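Novice: Fold the following.
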Amino acid sequence: MNHVKFMFNRINNYDLLYEDIMEGNQEWGENTKRVEDHTKEYVTQVMKDIMPNLLNKSTLKCLGCLERIANEVFALETDSAEYKITFTIDTFQNKDARIIIDIVPKYIYEGIEKCYDRYLEKLKIEIKKRMNVDWKRCDWLIDEPSEALCTELYSEFFKLENRIRSFVSRVLTLHLGVDWLSSCGLEKYYNSAIQLSETFKQKVLELDDINAELISLTLESVFEIVFKCKVYENDIVLSRAEYVQLEKILTSGKENENAKNFILKRRKKLPIYGKIF
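Specialist: Here you go, the predicted structure:
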């Protein structure tokens, strides 16, 4: 747990890593090119730049180039852990490069690896911010702390979402009846819930004999229903004058849209927010 790995591609200035230097050859009278390796200096400077921004007092150690060339390893020591940070640099044609940063903590106290590591979070963000200046693209590869945090938080958000749905449904059922979602004015949400409900039932057979309309509503839809929507009475009572006016519209040969708008304007509407909530 708490393993972090990310990479950068397309460096802005290749000379930060490898610099071509032309030297005169007195014996042959020609210039020759040699490549100056700056990789160690570059990643060392990156680590030195981020040190003042870290949360806790820590000691930086350079462990050197280990296992292969262009593989610089550092250790950050704090009171509770040691963080091994590896910068692996690969180069390609046309002076293109990639650098992979691998961070693995080793904790002093047993069980602390199960806790959220704020120092590690700050460390990875500071490295990313510093290196974004020199590189065009950053890709995240492994982030176990974020995965663990999201797993924990998602379950809590899921519980909260269901409680909100349950509360809204109980209130609307009390005022509009058990079929409140099919009320006039909520057609968009009703149709969407029906479609998603059928999809859920195809994937989860146990839902086949359960009304899944409520759990098919997104939280965004629930909030729109509560704060923005109005419901209308299913039956409309017209006065005799209104009936005569509607009859004229229908017999005039005009588009049916006029008759529809005439009826819609006379439906009694009930704002959900302000009247029910």
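
Novice: how many other residues sit next to M47?
Specialist: 19 (other Cβ atoms under 10 Å). Glycine gets a C-beta too; all of them are placed from N, C-alpha and C.

Novice: Likewise for F200?
Specialist: 15.

Novice: Quick check: the closest residue to R34 other than its chain neighbours vs D15, distance?
Specialist: Nearest in space to R34, with sequence neighbours left out and distances taken as Cβ to Cβ, 6 or more residues apart in numbering, is I21 at 5.5 Å. I21 is 10 Å from D15, where distance means Cβ to Cβ, to the nearest Å.

Novice: Likewise for T44?
Specialist: Taking Cβ to Cβ, one finds T44 at 16 Å from D15.

Novice: These two: which has the busier surroundings?
Specialist: Per other Cβ under 10 Å, whichever of T44 and D15 has more neighbours is T44, with 16 against 12.

Novice: thought that one was touching G64?
Specialist: No. Look at T44 against G64 with Cβ atoms under 8 Å: they stay out of range, at 10.8 Å.

Novice: what comes into contact with stretch 63-74?
Specialist: With Cβ atoms under 8 Å, 6 or more residues apart in numbering as the test, stretch 63-74 has contacts from 39-40, 43-44, 47, 60-62, 75, 84-91.

Novice: Repeat the analysis, applying 7 Å as the threshold.
Specialist: If you take Cβ atoms under 7 Å, 6 or more residues apart in numbering as the criterion, stretch 63-74 is touched by 39-40, 43, 47, 60-62, 75, 84-89.

Novice: Out of those residues, which is nearest to Y189?
Specialist: Y189 has its nearest neighbour among the contacts of stretch 63-74 in I85, at 50.0 Å by Cβ to Cβ.

Novice: In contact with that closest one, which residues?
Specialist: Here I85 is in contact with 74, 76, 101, 103 (criterion: Cβ under 7 Å, 6+ apart).

Novice: likewise E19?
Specialist: 36, 38.

Novice: what comes up buried for stretch 13-24?
Specialist: Neighbour counts over stretch 13-24 (16 or more other Cβ atoms under 10 Å) mark 16-18 as buried.

Novice: again but with stretch 212-226, I slipped
Specialist: Neighbour-count burial for stretch 212-226, counted by 16+ other Cβ under 10 Å, picks out 212-213, 215-217, 221-222, 224-226.

Novice: cool, stretch 105-124 as well?
Specialist: Within stretch 105-124, the residues scored as buried using 16+ other Cβ under 10 Å are 105, 107, 117, 119-121, 123-124.

Novice: Closest one of those residues to G177?
Specialist: The closest of the buried residues of stretch 105-124 to G177 turns out to be E121 (Cβ to Cβ; 49.1 Å).

Novice: which residues touch the residue lying closest to that closest one once chain neighbours are set aside?
Specialist: Nearest non-adjacent residue to E121, counting by Cβ to Cβ, 6+ apart: P145, 6.4 Å away. Residues near P145 by Cβ under 7 Å, 6+ apart: 2, 4, 116-117, 120-121.

Novice: try 8 Å this time
Specialist: Neighbour list for P145: 1-2, 4, 116-117, 120-121 [criterion: Cβ under 8 Å, 6+ apart].
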